[in-house]
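Trainee: dropping a prediction and its sequence here:
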Amino acid sequence: MSDRILGSIKKLKGQARITESNIEEAIKEIRLSLLEADVNFKVVKAFIDRVKIKALGVEVLKDINPGQMFVKIVHDELVSILGGGSPELHLKKDRNVILLAGLQGAGKTTTSAKLALYIRNKLNRKPGMVSVDIYRPAAMDQLVTLAKQNNIPYFAGTPQQKPKQILEEALVWAKDNMIEVLIIDTAGRMQIDDQLMAELTDIKSMVDPQEILLVADAMLGQQSVEVAQGFHQKVGLTGLILTKVDGDARGGAALSIREVIGVPIKFLGIGEKVAALELFHPDRLAGRILDMGDVLSLVEKAKEVIDDQQAQASVEKMMKNQFSLNDFLSQIQQLKKLGGIESLLKFLPGMGDISKQMKQMAPPDAEMKKIEAIIHSMTLKERRNHKILNASRRIRIAQGSGTQVQDVNRLIKQFEQTQKMMSGIMKRGLFFK
């Protein structure tokens, strides 16, 4: 989508103004890219019509070329189609209930744990979990396992109980244990049926949830819109959580849900790990699609994974010219927590072309793995002082890391150049804490 849209917009840069003829190709490419991404055709038509009307009616400002103006229009409409502002959870001050619904295999149980962690870590509220999926006993076991692994309070019902009985006991348990947000993992089916909807309706009337969130698989395609409509008509959804967004699914149909039924996307599941859940920001995603970057998300991500004390210690070592290969290894490991170099480039403005060029070269993250292997093959003494590495030791390190001696020599040379450069910056007073 990004390639098509940006490629067509570049052709507008040499134009004096926006006209119907010079945006015709850009409009066509945007329409095709959205349809190929599996966005609902009615949503595509409405989106294209709005972009066209705005583009032809806009006055191009001085010092801004038509290409930039068109990007702004497309960006604003993408934000609108994705849901406008960033929707948070609507919770009361005291006890709350969140009901998770969805088809079987969408990832409701794992999402329950992800949401509980988010509520505890980001909202500073005490979460609790309970499963009423009596039809798939493994679901209850999975929830208990996830709860124990992440130190999340849970109520364990049994498959022999009825969902209503489990909930009655869970509500008493939540009150006794001062649970502020109880997350209910409900049963799913391979498709929507009357029994599933009747059960969800009964649960809703019994617990009066503050949020009813549909957990939807981003890989479902156009079916995800129909699924969302079915659930919304029966139980009245308040939001969506899209799972498997990190996969190779086109995901456009899932993004159509907001436009078709008017329910906001609240979270994205971006990986299998329990911490891999992020709040959905329409403006940030639109910025990524149009290669405008997403620096805010990058900063938030960095704050979560980077150790402040370790970073401060590294700065002090650089200032004293004591930065070692061991410190360099620590920095590589922190970079990996952020997703690696290729992942970081997606968050930076104007990096689309560079990312493409890097794919044709040696993958930077593969090079990082090689560097890690080389440093890991050194003794702690060698990492702290690389100058003691003679020819025989370098051969041993190359053999231990599965690399060539030339790779070891190249790393040492590059590291020494970096040390020299950082030393120069410190001496000239160009680095500030």
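Mentor: The structure has been received and is ready for your questions. Residues are numbered from 1 along each chain as shown.

Trainee: just after the helix or strand encompassing residue 204, pick out the following helix or strand.
Mentor: Using DSSP states H and E, the element containing residue 204 is helix 194-207. Next helix or strand after helix 194-207 toward the C-terminus (DSSP H and E): strand 211-217.

Trainee: only the buried residues of the helix or strand following that following strand, if you could.
Mentor: For strand 211-217, the following helix or strand on the C-terminal side (DSSP H and E) is helix 223-235. Residues of helix 223-235 classed as buried under the neighbour-count rule (16 or more other CB atoms under 10 Å) are 224, 225, 227, 228, 229, 230, 231, 232, 234, 235. C-beta coordinates here come from the backbone N, C-alpha and C atoms, glycine included.

Trainee: just the CA trace of the helix holding residue 204, in PDB.
Mentor: Extracted in PDB, the C-alpha atoms of helix 194-207 (Å, rounded to 0.1, in the frame of the first residue of the first chain):
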ATOM      1  CA  ASP A 194     -27.800 -19.000  18.000                       C
ATOM      2  CA  GLN A 195     -26.400 -20.900  21.000                       C
ATOM      3  CA  LEU A 196     -23.300 -18.800  21.200                       C
ATOM      4  CA  MET A 197     -25.200 -15.500  21.000                       C
ATOM      5  CA  ALA A 198     -27.800 -16.600  23.500                       C
ATOM      6  CA  GLU A 199     -25.000 -17.400  26.000                       C
ATOM      7  CA  LEU A 200     -23.200 -14.100  25.400                       C
ATOM      8  CA  THR A 201     -26.500 -12.200  25.900                       C
ATOM      9  CA  ASP A 202     -27.100 -14.000  29.200                       C
ATOM     10  CA  ILE A 203     -23.600 -13.200  30.400                       C
ATOM     11  CA  LYS A 204     -24.000  -9.600  29.400                       C
ATOM     12  CA  SER A 205     -27.200  -9.100  31.300                       C
ATOM     13  CA  MET A 206     -25.700 -10.900  34.300                       C
ATOM     14  CA  VAL A 207     -22.400  -8.900  34.700                       C
END
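
Trainee: any residues touching it, and which ones?
Mentor: Helix 194-207 is contacted from outside by 97, 99, 101, 132, 163-164, 167, 171, 182, 184, 186-189, 212, 230-231, 234-236, using CB atoms under 8 Å, 6 or more residues apart in numbering.

Trainee: in PyMOL, select just the buried ones from the residues you listed.
Mentor: Filtering the contacts of helix 194-207 down to the buried ones (16+ other CB under 10 Å) takes a single PyMOL command:
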select buried, resi 97+99+101+132+163+167+171+182+184+186+187+188+212+230+231+234+235
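
Trainee: among the contacts of helix 194-207, name the ones in strands.
Mentor: 97, 99, 101, 182, 184, 212 (DSSP state E).

Trainee: tell me where the model's unsure across the stretch 301-433 of the chain.
Mentor: 301-322, 335-365, 421-433 (pLDDT under 70).

Trainee: show me the domain layout of the chain.
Mentor: According to automatic domain parsing, the chain comprises the domains 2-82, 96-282, 299-427.

Trainee: winner for burial among those domains?
Mentor: Mean neighbour counts were taken over these using mean count of other CB atoms under 10 Å, and the top value, a mean of 19, falls to domain 96-282.

Trainee: span of that one from start to end?
Mentor: 26 Å (CA to CA, to the nearest Å).

Trainee: what average pLDDT does it get?
Mentor: Mean per-residue pLDDT for domain 96-282: 88.

Trainee: so who does the residue nearest to residue 266 when sequence neighbours are not counted touch?
Mentor: Once flanking residues are discounted, residue 266 sits nearest to residue 239: 4.0 Å by CB to CB, 6 or more residues apart in numbering. Residue 239 makes contact with 87, 89, 211, 212, 213, 214, 263, 264, 265, 266 under the criterion CB under 8 Å, 6+ apart.

Trainee: format these as JSON lines; extra columns: distance to residue 18.
Mentor: Shown next, in JSON lines, are those (distance: CB to CB, whole Å):
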{"residue": "87", "distance to residue 18": "32"}
{"residue": "89", "distance to residue 18": "40"}
{"residue": "211", "distance to residue 18": "42"}
{"residue": "212", "distance to residue 18": "43"}
{"residue": "213", "distance to residue 18": "40"}
{"residue": "214", "distance to residue 18": "39"}
{"residue": "263", "distance to residue 18": "34"}
{"residue": "264", "distance to residue 18": "31"}
{"residue": "265", "distance to residue 18": "31"}
{"residue": "266", "distance to residue 18": "35"}
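
Trainee: closest one to residue 144 out of those, please.
Mentor: Set against residue 144, the nearest of these by CB to CB is residue 213 (21.2 Å).

Trainee: coming back round to it: will you turn the ones in strands among the contacts of helix 194-207 into TSV that also has distance to residue 369?
Mentor: Formatted as TSV, the ones in strands among the contacts of helix 194-207 follow (distance: CB to CB, whole Å):
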residue	distance to residue 369
97	45
99	43
101	41
182	43
184	42
212	44
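
Trainee: so residue 279 sits against residue 265, correct?
Mentor: No: applying CB atoms under 8 Å as the test, residue 279 and residue 265 come out as separate, 9.9 Å apart.

Trainee: please identify the helix or strand for residue 146.
Mentor: Element membership for residue 146 (DSSP H and E) is helix 137-149.

Trainee: which other helices and strands contact that helix?
Mentor: In terms of contacts (3 or more CB pairs under 8 Å, 6 or more residues apart in numbering; DSSP states H and E), helix 137-149 is packed against helix 108-121, strand 127-131, strand 154-155.

Trainee: between the ones you listed, which gets nearest to residue 389?
Mentor: The closest of those to residue 389 is helix 108-121. By CB to CB, the value is 42.6 Å.

Trainee: who touches the closest one?
Mentor: In this structure, residues lying in contact with helix 108-121 by CB under 8 Å, 6+ apart are 89, 98, 100-102, 125-129, 131, 133, 139, 142-143, 146-147, 150, 152, 181, 183, 185-186, 188, 213, 215, 241, 243, 267, 269, 272, 274-277, 279.

Trainee: how much space separates the residue nearest the centre of the chain from residue 142?
Mentor: With distances taken as CA atoms, centre = their mean, the residue of the chain nearest its centroid is residue 270 (4.4 Å). Note on residue 270: its distance to residue 142, by CB to CB, to the nearest Å, is 20 Å.
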